[in-house]
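*Asks:* Prediction below, plus the sequence it came from.
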Amino acid sequence: MREGVRLCARFSLATSRREYCGPKGAPALLRRALEDDEAVEPAAEALMRFEALSPYLAALAVKHRRRPLDLSVVEAYWIGNELLEGFTHQDFQAVLRALSKRGLPPGVASRLRVRLPENPIPHHAFHVFFVGVGQVTGSLPTTLENMDRCRPSWGLVTHRRRGVAEVERQPLVKRGRRLALGPPVEVQARVDPLFEREVRAGELLAMHWGEAAVPLSWDRRSHLELYTLRAIEAANEAAAAASNIHGRAQHAEPAPALEA
């Protein structure tokens with residue numbers, strides 16, 4: 001479990017620092033767990049209190065008879081692996097029920113149940129694109145920019161200086177009504193002092209909310225890209241289905257749109 005907690009902490013630090021999710025005091029607990037084995041258990045307890053995180057980890061753990069913070073489960077949610085395969089409507093309904101108990105508004109949960117795509121994916125990118133960044137906690141609006149920053153993304157480090165990495169990365173864009181990945185652009189990623197030595201020019205990096213999370217192997221990069229693209233397609237499928245439903249009903253409630 002130790003390595004699962006540490007991988008999860010790396011991705012969760014950015015949002016806990018911004019107080020978008022998680023309990024108070026979480027950033028210090030997560031950082032300590034990256035250096036001190038005795039801090040792993042308190043960090044694990046804090047991670048399971050992250051509102052939109054633990055329902056997915058719990059669902060994956062139940063389906064595969066593992067612990068929520070096992071490395072394979074955490075890797076599935078943040079990066080992607082074979083544990084994401086075969087996830088069903090029934091499996092995701094359990095996730096929606098858990099999210100509802102943690103703050104997802106009842107009206108949003110009802111709409112999501114109706115629009116659930118054929119192949120839901122218990123990956124953070126799917127949560128961002130389908131459920132919507134900020135929908136559970138209400139801490140920020142669901143805009144395209146916030147979706148792009150919240151999804152786990154990957155890129156090639158082109159330049160390094162203390163505390164900052166220049167990264168070539170594909171942004172999330174809208175083409176008509178559909179989400180897609182655009183051509184690579186160079187962005188800056190904040191590098192925590194704990195990660196200074198491992199973020200190098202010429203190597204791959206995973207990012208979350210504009211911060212370096214973890215160096216990526218080519219295999220992990222391929223998995224992250226694969227499941228991100230599948231999450232985009234699933235979310236586009238759901239949005240198209242919702243649009244068709246609303247188009248047929250004269251007085252139907254408007255589908256939620258991205259804020260400007």
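*Replies:* Nice, I can see it.

*Asks:* what's the spacing between Arg230 and Ala125?
*Replies:* Using Cβ to Cβ, to the nearest Å, one gets 8 Å for the distance from Arg230 to Ala125. Bear in mind the C-beta positions are built from the backbone N, C-alpha and C, glycine included.

*Asks:* Those two - which one has more neighbours?
*Replies:* Under the criterion of other Cβ atoms under 10 Å, the comparison of Arg230 against Ala125 puts Ala125 first, with 27 against 17.

*Asks:* Mind listing what's buried along stretch 5-22?
*Replies:* 5-17, 20-22 (16 or more other Cβ atoms under 10 Å).

*Asks:* Greatest separation within these: which pair is it?
*Replies:* Maximum pairwise distance in the buried residues of stretch 5-22, criterion Cβ to Cβ, is 20.5 Å, between Arg6 and Tyr20.

*Asks:* pLDDT on the lengthiest helix in the chain, on average?
*Replies:* Selection of the longest helix in the chain by residue count, based on DSSP state H, yields helix 218-248. Mean pLDDT, computed over helix 218-248, is 87.

*Asks:* I'd like to know which elements that helix is packed against.
*Replies:* helix 106-115, helix 124-126, strand 153-161, strand 178-181, strand 204-208 (3 or more Cβ pairs under 8 Å, 6 or more residues apart in numbering; DSSP states H and E).

*Asks:* Of the ones you listed, which stretch is the most buried?
*Replies:* Across the helices and strands packed on helix 218-248, the average number of neighbours (mean count of other Cβ atoms under 10 Å) peaks for helix 124-126, which reaches a mean of 27.

*Asks:* quick one on the thing from earlier: list just the nearest of the buried residues of stretch 5-22 to Trp154.
*Replies:* Among the buried residues of stretch 5-22, Phe11 lies closest to Trp154 (Cβ to Cβ), at 12.5 Å.

*Asks:* Need the residue closest to the centroid of the protein.
*Replies:* Central residue of the chain (Cα atoms, centre = their mean): His124, 2.7 Å from the mean position.

*Asks:* isn't it right up against Tyr77?
*Replies:* Yes. The pair His124 and Tyr77 passes the contact test of Cβ atoms under 8 Å, sitting 5.8 Å apart.

*Asks:* Give me the common contacts of those two.
*Replies:* Tyr56 (Cβ atoms under 8 Å, 6 or more residues apart in numbering).

*Asks:* Output stretch 40-50 as PDB, nothing but the C-alphas.
*Replies:* Taking Å, rounded to 0.1, in the frame of the first residue of the first chain, the C-alpha atoms of stretch 40-50 are listed here in PDB:
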ATOM      1  CA  VAL A  40       2.000   6.800   5.100                       C
ATOM      2  CA  GLU A  41      -0.900   5.700   7.300                       C
ATOM      3  CA  PRO A  42      -2.100   9.200   8.200                       C
ATOM      4  CA  ALA A  43      -1.800  10.200   4.500                       C
ATOM      5  CA  ALA A  44      -3.900   7.200   3.500                       C
ATOM      6  CA  GLU A  45      -6.600   8.200   5.900                       C
ATOM      7  CA  ALA A  46      -6.500  11.800   4.400                       C
ATOM      8  CA  LEU A  47      -6.700  10.500   0.800                       C
ATOM      9  CA  MET A  48      -9.800   8.500   1.500                       C
ATOM     10  CA  ARG A  49     -11.500  11.700   2.600                       C
ATOM     11  CA  PHE A  50     -10.900  13.400  -0.800                       C
END
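
*Asks:* mean confidence score for that stretch?
*Replies:* On average, stretch 40-50 scores 97.

*Asks:* Distance check, the residue nearest to Ala239 when sequence neighbours are not counted against Glu237.
*Replies:* Closest residue to Ala239 apart from its sequence neighbours, by Cβ to Cβ, 6 or more residues apart in numbering: Arg177 at 6.5 Å. Noted for Arg177: a distance of 12 Å to Glu237, by Cβ to Cβ.
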